[in-house]
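Trainee: Structure for the following, please:
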Amino acid sequence: MSYGEAEFLNFGFNNIDHLTKLQSLTLFIDIVSLLDREIYQCYLTQNLSFPHSLKKLTLGGSKLNWEECMTKIGSLPLLQYLRLYRNACCGPMWETVEGQCYYLIFLQVDEYHGLRY
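Mentor: Residues are numbered from 1 along each chain as shown. Coordinates of the predicted model:
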């Protein structure tokens, strides 16, 4: 799927968590202009939530900071597979928290040069 700014804001990422039987989700976001990116990041930070039924998550382009990203992802109780591609999360350091992603058996982090954890 591809959405412009208006369609993106109307889609309502806050509704994804209502898909209570969803077990796998791949979400790549590509926002081109700086203004669109600022609007979208604010909206996404406030509204993106994932269903607790997720076992596999692939994320790219969301540009959430690591703390926001891991707060949203780390609370998924059944998550086993996590793939983070370029710009899924931003910042130089990923601080892990004990108890997050408890059942995680596979982690793939691509295109994060200089990331410390």
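Trainee: show me the contacts for residue 59.
Mentor: Residues in contact with residue 59 (C-beta atoms under 8 Å, 6 or more residues apart in numbering) are 26-28, 69, 73, 83-85, 88-89. For every residue, glycine as well, the C-beta is placed using N, CA and C.
Trainee: Go again with 7 Å.
Mentor: 27, 84, 88 (C-beta atoms under 7 Å, 6 or more residues apart in numbering).
Trainee: all strands of the protein, in order?
Mentor: Remark: strands assigned in the chain by DSSP state E are 24-28, 56-60, 64-65, 81-84, 89-90, 106-109.
Trainee: angle of the first one against strand 56-60?
Mentor: Right, strand 24-28. Here strand 24-28 runs at an angle of 0 degrees relative to strand 56-60 (axes from the mean of the first three to the mean of the last three C-alpha atoms, to 10 degrees).
Trainee: quick one: strands adjacent to strand 24-28?
Mentor: Strand 24-28 has these partner strands in its sheet, going by DSSP bridges: strand 56-60 (parallel).
Trainee: Quick one: mean pLDDT over the strand it pairs with.
Mentor: Along strand 56-60, the predicted local confidence has a mean pLDDT of 92.
Trainee: can I assume residue 16 is in contact with residue 52?
Mentor: No. Here residue 16 does not reach residue 52: they are 11.4 Å apart, not a contact under C-beta atoms under 7 Å.
Trainee: Test of understanding: give the bridge partners of the residue nearest to residue 26 when sequence neighbours are not counted.
Mentor: Nearest-residue entry for residue 26: residue 58, 4.2 Å, with adjacent residues in sequence omitted and distances by C-beta to C-beta, 6 or more residues apart in numbering. Here residue 58 sits in beta bridges with residue 26, residue 83, as judged by DSSP bridges.
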